[in-house]
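In: Coordinates for the following, if possible.
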Amino acid sequence: MNPGLAGILDFDSQSHLKFIDPMVKGPKVQQRFSTNNMTRLLLLFLFPLGLFAQNDKAVIDRVVATVGGEIILLSEVQEQYSFAKKDQPALPPEYQCVVLQNLIVQKLLVNQAKLDSVEVTEEEVESQIDARIERLLTYFNQDEKAIQDFYGQSVSQMKTQLGSDMRNQLLAERMQTKVTEKATITPLEVQRFFANIPKDSLPYFNAEVEVREIVYKPKVNPEEHIKARQRIEDILKRITEKGEDFAELAKKYSEDPGSGAQGGDLGFQKRGTFVPEFEATAYNLEPNQISPIIETDFGFHIIQLLERRGNLIHCRHILIKPEITEADLDASKAKLDSVRQLIRDGKISFSEAVKQIGDKNQQSFNNDGRVTNPRSGTSYFEVADLETSVFFAIDGIKEGDLAEPFRFKSADGSDQFRLVQLVSRSKPHKADLKLDYGKIQTAAIEQKKGEYTEKWVLQKINTTYLSVSDMFSKCDNLQEMIGISAARRQ
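Out: Numbering: from 1, shown residues only. Model prediction:
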């Protein structure tokens, strides 16, 4: 491994290999153009670096670089630097050179994507924005005020700001995928990669666990089902017969914690956002039309379509949930107890149980019950990443065994039950090729992709116009690109 190209190999808090820029460890800028390091930074642009950087109103903007038909503004560099500095306060001002290098490569990818007519649809842009906002909400435990305090922007402001940035990021991502699509890695190369890591630089992994789950929603008894139906029928009459305001009734009666306080407003959404029964009704409404009562897994709904824009709809709804009684909860706990025993006796597999009784709205349902860590995107959890209830459930049980079913509050505030299986548990250990092959393989392929990207970048700089302002022209890490571009113009 060439440290001048790849940076310093390290492991982050989520036990993923990453490349740490030498700039972080001291004030001197890298001497060599390092696309490997840049590539790792570029991936961070996808979420959240750059997407949620705060605007510095004091910045007087100017163009600091031009790449083909794309420009880079001083505010972009300073926003990226400001965001990175929040995470690492010791970053020196010279780190802006690394940020600009990253932006140059991103713009080079975007410029080439446009020349190659790489397509990104509006629907894809909206989908990616929604996905990143959802990940952000998950990270902040659905607390929008905490997000605004941290980033200085509300969630709605972020969505508005993200449009063009997200389109360019998708273009850059697709172009980079084209550049690196032939980068493959063999087991021998993984071994060589690991062997080249200095032994005194091998980090320790914290203890990690993998878990599977069955999430079970309690069944409503017939009496409560009828009561809920009667309540929403009364609300529908007040709207359609007495002319009462839909939004005001939603604020007063809707049991949707996300939209109730906003008068039931769900904002503009694309197809696939809602559950099938809800979506089928909503998309068949005319503007201002009010739906009949429909039933979904969440309860009973009344929907009003407010506006339609192509494939996007803007609607509001009122949700009434049948009440789950303590008897219903006791019956659910007994159900999972019996399923747990059937699995332990070998009469049914965990996978079969997931499909038979699991809540299909859970991420784990379509992943054979495996739970994904939202912080890392893998199935591995450090103890600090586990929900407290899951940690105590699996504490003391053996690998492969099932914990006692337990009750918990779901994201919508309802009571549900969870049956958890401990798949694996590792002890804290120094990085090991056999134990950590998958993580090391990922790092090795990322290094190779970085090499492919570096080669491509240097080739494209030779055929693409590049101009860097005097403010950054002395950055050591930009000299090779600047030199190639200058030689091309002579």
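In: quick one, phi/psi of the residue nearest to Ala172 when sequence neighbours are not counted?
Out: Nearest residue to Ala172, sequence neighbours excluded (C-beta to C-beta, 6 or more residues apart in numbering): Leu109, at 4.0 Å. Heads up, the C-betas are built off the backbone N, CA and C, glycines and all. As for Leu109, its main-chain torsions (degrees, to the nearest 10) stand at phi -70, psi -40.
In: going forward, begin numbering at 484 instead of 1
Out: Right, with 484 as the first residue, what we last looked at is Leu592.
In: In contact with Ala886, which residues?
Out: With contacts defined as C-beta atoms under 8 Å, 6 or more residues apart in numbering, Ala886 is in contact with Ala876, Ile877, Ile880, Leu902, Val903, Gln904, Leu905.
In: Neighbour-wise, give me the winner out of those residues.
Out: Neighbour counts for the contacts of Ala886 (other C-beta atoms under 10 Å) peak at Leu902, which has 27 neighbours.
In: Regarding it, what is its secondary structure?
Out: The assignment at Leu902 comes out as strand when based on DSSP: H, G, I helix; E, B strand; the rest coil.
In: what's the closest non-adjacent residue to it?
Out: Excluding its sequence neighbours, the residue lying closest to Leu902 (C-beta to C-beta, 6+ apart) is Ile697, at 4.4 Å.
In: what pLDDT does that neighbour get?
Out: With respect to pLDDT, Ile697 scores 97.
In: Could you look up the next helix or strand downstream of the strand or helix carrying it?
Out: Using DSSP states H and E, Ile697 maps to strand 691-699. Downstream of strand 691-699, the next assigned helix or strand under DSSP H and E is helix 705-723.
In: Quick check: buried residues in that following helix?
Out: Buried residues in helix 705-723, defined by neighbour count with 16 or more other C-beta atoms under 10 Å: His708, Ala711, Arg712, Arg714, Ile715, Ile718, Leu719, Ile722.
In: what about the helices in the stretch 734-883 of the chain?
Out: 759-765, 809-827, 833-840, 871-877 (DSSP state H, counting those that start in this stretch).
In: Quick one: closest of the ones you listed to Ala573.
Out: Ala573 sits nearest to helix 871-877 of all these, at 32.5 Å, using C-beta to C-beta.
In: And that closest one, what's buried?
Out: Val873, Ala876, Ile877.
In: same check, this time on stretch 580-600
Out: Going by neighbour count (16+ other C-beta under 10 Å), the buried part of stretch 580-600 is 580-596.
In: ok, now how distant is the residue nearest to the spatial centre of the chain from Gly746?
Out: The centroid of the chain falls nearest to Arg618 when counting by C-alpha atoms, centre = their mean (4.1 Å). According to C-beta to C-beta, to the nearest Å, Arg618 stands 27 Å off from Gly746.
In: what about the stretch 584-733 of the chain, any weak spots by pLDDT?
Out: Residue ranges of the stretch 584-733 of the chain with pLDDT under 70: none are present.
In: can you give me the helices in it?
Out: 605-622, 627-634, 638-663, 670-678, 705-723, 729-736.
In: What is the last one packed up against?
Out: In this structure, helix 729-736 packs against helix 705-723, strand 795-803, with contacts taken as 3 or more C-beta pairs under 8 Å, 6 or more residues apart in numbering; DSSP states H and E.
In: go on, the third one?
Out: For helix 638-663, the contact count by 3+ C-beta pairs under 8 Å, 6+ apart identifies helix 518-528, helix 578-598, helix 605-622, helix 627-634, helix 920-944 as packing neighbours.
In: try it again with 10 Å
Out: helix 518-528, helix 578-598, helix 605-622, helix 627-634, strand 748-753, helix 920-944 (3 or more C-beta pairs under 10 Å, 6 or more residues apart in numbering; DSSP states H and E).
In: In CSV, list the ones you listed along with distance to His784.
Out: CSV is the format used below for the helices and strands packed on helix 638-663 (distance: least, C-beta to C-beta, whole Å):
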stretch, distance to His784
helix 518-528, 39
helix 578-598, 42
helix 605-622, 21
helix 627-634, 23
strand 748-753, 11
helix 920-944, 43
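In: Of all these, which one comes closest to Thr663?
Out: helix 920-944 (4.2 Å).
In: Would you tell me what the next helix or strand after that closest one is?
Out: Moving toward the C-terminus from helix 920-944, the next helix or strand (DSSP H and E) is strand 949-951.
In: Sheet partners, orientation included, of that following strand?
Out: Paired neighbours of strand 949-951 in the sheet (DSSP bridges): strand 546-550 (antiparallel).
In: who touches Tyr766 in this structure?
Out: By C-beta atoms under 10 Å, 6 or more residues apart in numbering, the contact list for Tyr766 reads Arg754, Phe757, Leu788, Arg791, Asn794, Ile796, Cys798.
In: Now that we have those residues, which of them are buried?
Out: Listed as buried from the contacts of Tyr766 are Phe757, Leu788, Arg791, Ile796, Cys798; burial here means 16+ other C-beta under 10 Å.
In: Nearest to Ala817 among these?
Out: Lowest distance from Ala817 to those (C-beta to C-beta) belongs to Phe757, with 32.4 Å.
In: from what I can see that closest one touches Leu802, true?
Out: No. Using C-beta atoms under 10 Å, Phe757 is not in contact with Leu802, being 11.9 Å away.
In: Can you give me the pLDDT of Glu937?
Out: 91.
In: Burial check on it, number of neighbours?
Out: 19.
In: One more: Ile616?
Out: Ile616: 20 surrounding residues under other C-beta under 10 Å.
In: Likewise for the one 10 residues further on?
Out: Residues contacting Asp626 under the criterion other C-beta under 10 Å number 12.
In: list the contacts for it?
Out: Contacts of Asp626 were listed using C-beta under 10 Å, 6+ apart, and they are Leu620, Asp632, Phe633.
In: quick one: which of these is nearest Thr604?
Out: Among these, Leu620 lies closest to Thr604 (C-beta to C-beta), at 24.1 Å.
In: wait, doesn't the closest one sit right on Lys628?
Out: No. Using C-beta under 10 Å, Leu620 is not in contact with Lys628, being 11.6 Å away.
In: Now do the shared contacts for these two.
Out: Common neighbours of Leu620 and Lys628 (C-beta under 10 Å, 6+ apart) are Val638.
In: quick one, which of these two is more surrounded?
Out: Between Leu620 and Lys628, Leu620 has the larger neighbour count (other C-beta under 10 Å), namely 16 against 10.
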